[in-house]
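Peer 1: predicted model and sequence below, questions to follow.
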Amino acid sequence: MTRRELLALLAAAPLLRAKEAPTAPVSIASCRTYDGDLTGTLSTMFDQLGGLGRIVKNKTVTIKVNLTGSPGLRFQGKPLGLTHYTHPKMAAATAYLLDRAGARRIRFVESCWATTGPMEEYLLDSGWNVRMLFGAASNVEFLNTNALGKAKSYSRFPVPGGGWIFPAYDLNPAYEETDVFMSMAKLKNHATCGVTLAMKNCFGITPASIYGDDAGEDEPNEKPVKGRGSVCHDGERQPPKSAPQEIDPDSSREPGYRMPRIVADLAAARPIDIALIDGIETVAGGEGPWIRGLRSVQPGVIIAGTNAVTTDTVATAVMGYDPRAAKGTAPFVDCDNSLLLAEARGVGTTDLKNIEVRGVSIREALFPFSA
């Protein structure tokens with residue numbers, strides 16, 4: 001920990017002592033297949049959280065889905081939604097319920113891998129029948145946030161307290177022009193961050209035009225075709241000069257140090273209003289088919305909440321891990337714990353004793369992800 005980080009943590013400590021980290025109920029449901037009454041299951045879960053209407057009625061809802069990696073990369077030849085992508089039926093059922101709850105506008109977003117083309121085309125390549133899936137909702141849109149697109153300027157999101165890695169992040173304005181922000185994630189491990197749930201899913205809101213390997217030196221590259229390894233993962237280069245620069249260029253370049261802190265920064269800068277984690281069918285051992293030792297698993301659960309840290313904490317426990325584990329302990333073997341870092345930022349609590357679980361209990365939903 002650098003001196004700057006220590007001072008930031010000490011500055012936050014009195015606030016955290018004076019008031020417990022925020023908490024909110026988390027709902028767990030047993031769901032074995034995407035072909036059953038998925039809409040009914042999700043409806044019950046949202047009711048357990050107080051109802052969708054109170055959150056989304058007459059509002060714009062922006063949903064960050066998880067479409068990590070190229071749609072051409074399949075694991076064991078399976079449909080992407082059964083392994084490491086958001087399942088299209090999960091997206092369609094959620095859109096239907098949002099529409100029924102009175103949402104004025106529903107926008108699905110993702111920084112689509114290595115392209116700035118229309119998100120609809122990317123979804124077609126991923127096996128989504130967009131017209132059929134979303135025919136029941138009249139107000140659905142799709143937007144690729146990998147660059148600026150048709151918008152005029154990026155929106156800047158400062159990190160409360162100054163941030164671990166960057167003091168602020170420049171993002172597509174779709175993440176600002178919304179009333180409710182949802183992270184629709186998969187229940188998975190992550191080779192670098194240990195777990196990839198609602199918060200880590202939002203690592204992908206960073207546009208490759210600014211945080212990509214082929215971003216410009218002075219201004220964003222509006223036609224990026226590469227990933228974010230050089231800026232966000234190992235810090236070999238800085239984002240364009242037009243964007244906020246790194247707080248401490250002398251800090252560790254290790255991805256296991258940087259990525260969890262960026263995850264925590266983003267969770268504080270662009271808070272998640274609804275976290276929805278699909279664990280019906282997924283993968284264990286990593287985040288995608290490029291990870292050696294990946295395995296298909298069927299936990300048969302869905303987890304939802306209105307606080308990203310509490311939801312990810314419960315999801316981590318369902319995976320058989322201690323949500324408060326330190327670096328060196330599974331699943332955070334080679335990285336710092338992003339949940340604890342987000343808790344230190346005041347986003348939410350990682351203490352299971354302070355989180356009310358509704359629906360199925362953690363014990364009933366438990367599905368150990370360790371091989």
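Peer 2: That came through, no problem.
Peer 1: from here on, contacts and neighbour counts on C-alpha atoms
Peer 2: Fine.
Peer 1: all helices of the stretch 151-300 of the chain, in order?
Peer 2: Taking DSSP state H, counting those that start in this stretch to define them, one finds helices in the stretch 151-300 of the chain at 198-201, 208-211, 255-269.
Peer 1: how distant is the second one from the center of its chain?
Peer 2: Meaning helix 208-211. Chain-centre distance of helix 208-211: 18 Å, with CA atoms, centre = their mean, to the nearest Å.
Peer 1: what do you get for stretch 348-368?
Peer 2: Averaging C-alpha positions (CA atoms, centre = their mean) puts stretch 348-368 19 Å from its chain's average.
Peer 1: and if you look at stretch 305-319?
Peer 2: How far stretch 305-319 lies from its chain's middle: 12 Å, per CA atoms, centre = their mean.
Peer 1: among the helices of the stretch 151-300 of the chain, show me which one is buried the most.
Peer 2: Greatest average neighbour count among these goes to helix 208-211 (a mean of 31), per mean count of other CA atoms under 10 Å.
Peer 1: picking that back up, adding mean pLDDT and distance to residue 333, write the helices of the stretch 151-300 of the chain out as JSON lines.
Peer 2: Formatted as JSON lines, these follow (pLDDT from 0 to 100; distance: least, CA to CA, whole Å):
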{"stretch": "helix 198-201", "mean pLDDT": "98", "distance to residue 333": "16"}
{"stretch": "helix 208-211", "mean pLDDT": "97", "distance to residue 333": "26"}
{"stretch": "helix 255-269", "mean pLDDT": "98", "distance to residue 333": "9"}
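Peer 1: any chance of JSON lines for the ones you listed, columns distance to residue 120?
Peer 2: Below are these laid out as JSON lines (distance: least, CA to CA, whole Å):
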{"stretch": "helix 198-201", "distance to residue 120": "20"}
{"stretch": "helix 208-211", "distance to residue 120": "19"}
{"stretch": "helix 255-269", "distance to residue 120": "26"}
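Peer 1: low-confidence stretches in the stretch 1-150 of the chain?
Peer 2: The model of the stretch 1-150 of the chain has pLDDT under 70 over residues 1-19.
Peer 1: so which residues of it form helices?
Peer 2: Secondary structure of the stretch 1-150 of the chain by DSSP H, counting those that start in this stretch: the helices cover 3-18, 38-48, 53-56, 88-100, 119-125, 130-133.
Peer 1: now for those, which one comes closest to residue 152?
Peer 2: Nearest of the helices of the stretch 1-150 of the chain to residue 152, taken as CA to CA: helix 119-125 at 18.8 Å.
Peer 1: packing partners of the closest one?
Peer 2: Packing partners of helix 119-125 (3 or more CA pairs under 8 Å, 6 or more residues apart in numbering; DSSP states H and E): helix 130-133, strand 140-144.
Peer 1: go through the first one and flag the buried ones.
Peer 2: It refers to helix 130-133. Residues of helix 130-133 classed as buried by neighbour count (16 or more other CA atoms under 10 Å): residue 133.
Peer 1: name the residue closest to the centre of this protein, please.
Peer 2: Residue closest to the average C-alpha location in the chain (CA atoms, centre = their mean): residue 201, at 2.2 Å.
Peer 1: out of the helices of the stretch 1-150 of the chain, flag the one nearest residue 342.
Peer 2: Nearest to residue 342 among these is helix 3-18 (11.5 Å), distances taken as CA to CA.
Peer 1: picking up where we left off before, and the residue nearest to the centre of the chain, what is it in contact with?
Peer 2: Residue 201 makes contacts with 64, 65, 66, 183, 184, 185, as judged by CA atoms under 8 Å, 6 or more residues apart in numbering.
Peer 1: could you do residue 315 as well?
Peer 2: Here residue 315 is in contact with 187, 197, 277, 303 (CA under 8 Å, 6+ apart).
Peer 1: mind giving me CSV with the residues you listed and columns for neighbour count, distance to residue 263 and pLDDT?
Peer 2: Rendered in CSV, the data for those read as follows (neighbours: other CA atoms under 10 Å; distance: CA to CA, whole Å; pLDDT from 0 to 100):
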residue, neighbour count, distance to residue 263, pLDDT
187, 31, 16, 98
197, 28, 11, 98
277, 27, 16, 99
303, 30, 20, 99
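Peer 1: run a quick neighbour tally on the nearest residue to residue 316 once chain neighbours are set aside.
Peer 2: Using CA to CA, 6 or more residues apart in numbering and skipping the chain neighbours, the partner closest in space to residue 316 is residue 323 (5.7 Å). Residue 323 has 26 neighbours, counted by other CA atoms under 10 Å.
Peer 1: ditto for residue 340
Peer 2: Neighbours of residue 340 under the rule other CA under 10 Å: 24.
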